[in-house]
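Novice: structure, please.
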Amino acid sequence: MRTSTGLISTLVLGTALSLPVTAAQAAPAAPASAAVSSCHGLITKAYSLNGKAISASRAGSFKKAAKRNHATEGKIVNALAACRHARHRAEIRHALDAARNDIQGAEHHNKKAYVEHDRRYGRAALNDEYDAQRRLRDAAHYS
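Specialist: Numbers count the residues shown, from 1 in each chain. Purely as a prediction, here's the structure:
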């Protein structure tokens, strides 16, 4: 009759032989894919927030669109930090920087449209948001 499992036998055998445990065996390093998925995830969240800003701009809700632009810019900043070790980091950084500039312009135009009740600024903001959407799509492609 068997009284121990294979795991216990392996543990007893390992301690009996006094095999040294290296740091690599004790705690494996975090996979590189975790950083890549974080980078891609932040870019996708920024893309989603930008889509909500576009929806608010289309509806004429410029104050809400400005808030969404601000949140989108925050996600882009986080994505820039998370993507610093990505494979195509130069392309991603270029696309994210351009998208950030577009988002800042859109936020500025949405605030002016809200304060001055001028839909022309709202249209300029919407154009900036569409440009940012295209650049965020490019960044997501490279991430």
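
Novice: can you tell me what sits against stretch 96-110?
Specialist: 43, 46, 50, 53, 57, 62-63, 65-66, 69-70, 72-73, 76-77, 79-80, 83, 121-122, 124-126, 128-129, 131-132, 135-136, 139 (Cβ atoms under 8 Å, 6 or more residues apart in numbering). In this view, the C-beta of every residue, glycine as well, is placed from N, C-alpha and C.

Novice: okay, and which of these map to helices?
Specialist: Among those, the residues falling in helices (DSSP state H) are 43, 46, 50, 53, 57, 62-63, 65-66, 69-70, 72-73, 76-77, 79-80, 121-122, 124-126, 128-129, 131-132, 135-136, 139.

Novice: SS state for the closest residue to Glu73 other than its chain neighbours?
Specialist: Excluding its sequence neighbours, the residue lying closest to Glu73 (Cβ to Cβ, 6 or more residues apart in numbering) is Ile103, at 4.9 Å. Taking DSSP: H, G, I helix; E, B strand; the rest coil as the rule, one finds Ile103 in the helix state.
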